[in-house]
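Engineer: I'll drop the sequence and a predicted model, then ask my questions.
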Amino acid sequence: MPQLNMDCEGPLTQNDNAYELCKAYIPDGGEFFARISKYDDYLADVEKRPGYRAGDTLKLVLPFLKSFGVTNRRMERFAEKTLVLLPGTMEMLPRISDLLPSFIISTSYCPYLEALCRLTEFPMDHVYCTEVDLDRYVLSSAEKDLLRSLAREIASQPLLSWPENASGIEDLEEGDQEVLRRLDEIFWQEVAGLGIGRLLRDVRPVGGAEKAKAVEDSLVKTKLDLHDVIYIGDSITDVQALELVGDGGGLAISFNGNSYALRAADWAIVCGDTSIIGAVSELVFLNGPDALKELFMGKKCSITGQTLMGMLGRSGITDRFIRPLEGLEGDMEPKIFKVDACNMTELIKISESVRRKVRGIRVGQLG
């Protein structure tokens, strides 16, 4: 019996809820979030700073959201108002969860996942997400003024960049080194030293190693093994979960993923409709854990469009997952790739292009 573990933002929904919260409540909040997200990428992927996890952006922005009046109730209402499902999700999610054990493992804040579960009737007890309670914390007027000033400063900074082979601050240009040092000072001295700095210690985003732990915890519930898992992810926060599942003999799959997810995955799906997730999951459910490999027997490293749908149909996949894919054309048509060093450059180009089209340029460019 296979088990499906999915990220939420990207594979299921169009949103980046934390980015959208910042953009809505913080002046120049889109620029503010983009700079912290890039800082997150650097700490997690380049420096690999001990104790820092990919996705910790979601705790770094919380004191600032609090300073601009965000409350628990506002987070809940915002999630309900802005939630946008990717095409196919509304039908695919309940169908696939009826077919096999399914879990959502998301770095997103829990109010956003609660809104998704209410809409789709997906069970919240099969969801892992970032718990936050902004109303627990008291913010003084002086702290509020300081955080608002720091938010303006962060939003006005240059966006961090680094060469592909960078491994630490010494590999960055001088200007980027200055930005990095200032961000370190802001978060780990100035904000951490405030009363509201408790948020940085209390909140544990479900990203990086936490997603891998969530996969292991879900297996305790189902009494299955890693080789039974199909993991669907799309970003840097999914890397460790993808690697865990791939190393354990399961299916590590990038869905419209960025370069981080693609380099950690063994398979890549590129498509404008999430019904393909249901189709691949049903393929494995009906034909066993090697079904995807067998689909590629005698083929090159990709199967696309009508060829792919014909092969899925002949493998017993029901129309409920294939029919929604039939009207897709061009970039949006379903494609499955076997990830290989030989096709990585082209695959990143194809996958990130569709990622930006499906989720929007600004959200699609985030790590």
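Structural biologist: Right, received. Where do you want to start? Numbering: from 1, shown residues only.

Engineer: Low-confidence regions, the stretch 1-150 of the chain specifically.
Structural biologist: The model of the stretch 1-150 of the chain has no residue with pLDDT under 70.

Engineer: Could you look up the SS state of the residue lying closest to D331 once chain neighbours are set aside?
Structural biologist: Spatial nearest neighbour of D331, chain neighbours left out: V354 (5.3 Å); criterion: C-beta to C-beta, 6 or more residues apart in numbering. Heads up, the C-betas are built off the backbone N, CA and C, glycines and all. Secondary structure, DSSP: H, G, I helix; E, B strand; the rest coil: V354 is helix.

Engineer: what's the distance between V354 and A268?
Structural biologist: Relative to A268, V354 is positioned 11 Å away (C-beta to C-beta, to the nearest Å).

Engineer: Between the two, which is the more surrounded one?
Structural biologist: Counted by other C-beta atoms under 10 Å, V354 and A268 do not tie: A268 has more neighbours, with 27 against 22.

Engineer: What does the more buried one show for phi and psi?
Structural biologist: Note on A268: its backbone torsions stand at phi -130, psi 130 [degrees, to the nearest 10].

Engineer: Ok, S167 next?
Structural biologist: phi -130, psi 0.

Engineer: give me every residue that touches it.
Structural biologist: Residues in contact with S167 (C-beta atoms under 8 Å, 6 or more residues apart in numbering) are 46-47.

Engineer: what residues are up against the nearest residue to S97 once chain neighbours are set aside?
Structural biologist: Spatially, and ignoring its direct neighbours in sequence, S97 is nearest to F122 (6.2 Å; C-beta to C-beta, 6+ apart). By C-beta under 8 Å, 6+ apart, the contact list for F122 reads 93-94, 97, 102, 104, 116.

Engineer: Just want the phi and psi numbers for F122.
Structural biologist: phi -80, psi 140.

Engineer: roughly how far apart are it and E9?
Structural biologist: Distance from F122 to E9, by C-beta to C-beta: 15 Å.

Engineer: Let me see the contact set for P334.
Structural biologist: P334 neighbours (C-beta under 8 Å, 6+ apart): 269-271, 273, 276, 279, 304-305, 308-309, 325, 328.

Engineer: so which of those residues would you say is closest to S315?
Structural biologist: A279 (9.2 Å; C-beta to C-beta).

Engineer: Just say helix, strand or coil for the closest one.
Structural biologist: Applying three-state DSSP: A279 is helix.

Engineer: So for V354 and A268, which residues contact both of them?
Structural biologist: Listed as contacting both V354 and A268 by C-beta under 8 Å, 6+ apart is no residue at all.

Engineer: returning to that earlier point: let me see the contact set for the residue nearest to D331.
Structural biologist: Per C-beta under 8 Å, 6+ apart, neighbours of V354: 256, 270-272, 331-332.

Engineer: one more time with 10 Å, if that's ok
Structural biologist: By C-beta atoms under 10 Å, 6 or more residues apart in numbering, the contact set of V354 is 255-257, 269-272, 330-333, 335, 364.

Engineer: okay, now E329: neighbour count?
Structural biologist: 9.

Engineer: Now do the contacts for it.
Structural biologist: By C-beta under 10 Å, 6+ apart, the neighbours of E329 are 272, 305.

Engineer: Name the residues of stretch 230-247 that come out as buried.
Structural biologist: By 16 or more other C-beta atoms under 10 Å, the buried positions in stretch 230-247 come out as 230-246.

Engineer: same question, stretch 328-337
Structural biologist: 328, 332-337.

Engineer: now swap in stretch 163-175 and tell me
Structural biologist: Quick answer for stretch 163-175 (16+ other C-beta under 10 Å): 166, 172.

Engineer: try stretch 53-73
Structural biologist: For stretch 53-73, by 16+ other C-beta under 10 Å, it's 53-68, 70.

Engineer: Show me those residues that map onto helices.
Structural biologist: Among the buried residues of stretch 53-73, the members found in helices (DSSP state H) are 57-60, 62-67.

Engineer: Only C-alpha atoms, please: export the longest strand seen in the chain in CSV.
Structural biologist: Of all segments of type strand in the chain, defined using DSSP state E, the longest is strand 102-109. Extracted as CSV, the C-alpha positions of strand 102-109 are listed here (Å, rounded to 0.1, in the frame of the first residue of the first chain):
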residue,chain,number,x,y,z
SER,A,102,-2.5,10.9,2.4
PHE,A,103,-0.8,13.6,4.4
ILE,A,104,0.0,17.3,3.7
ILE,A,105,3.3,18.4,5.1
SER,A,106,3.5,22.2,4.8
THR,A,107,5.8,25.0,6.1
SER,A,108,2.7,27.3,5.9
TYR,A,109,1.0,28.7,9.0
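
Engineer: all helices in the stretch 151-300 of the chain, in order from the N-terminus.
Structural biologist: 174-185, 198-202, 209-222, 239-247, 259-264, 275-287, 291-295 (DSSP state H, counting those that start in this stretch).

Engineer: Ok, which of these comes nearest S141?
Structural biologist: helix 198-202 (17.7 Å).

Engineer: Show me what that closest one is packed up against.
Structural biologist: helix 57-60, helix 62-67 (3 or more C-beta pairs under 10 Å, 6 or more residues apart in numbering; DSSP states H and E).

Engineer: Just the C-alphas of that helix, formatted as PDB.
Structural biologist: Output in PDB follows, covering the C-alpha atoms of helix 198-202 (Å, rounded to 0.1, in the frame of the first residue of the first chain):
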ATOM      1  CA  ARG A 198      10.500  35.100  22.000                       C
ATOM      2  CA  LEU A 199       8.700  34.300  18.800                       C
ATOM      3  CA  LEU A 200      12.100  33.400  17.200                       C
ATOM      4  CA  ARG A 201      12.600  30.900  19.900                       C
ATOM      5  CA  ASP A 202       9.100  29.500  20.300                       C
END
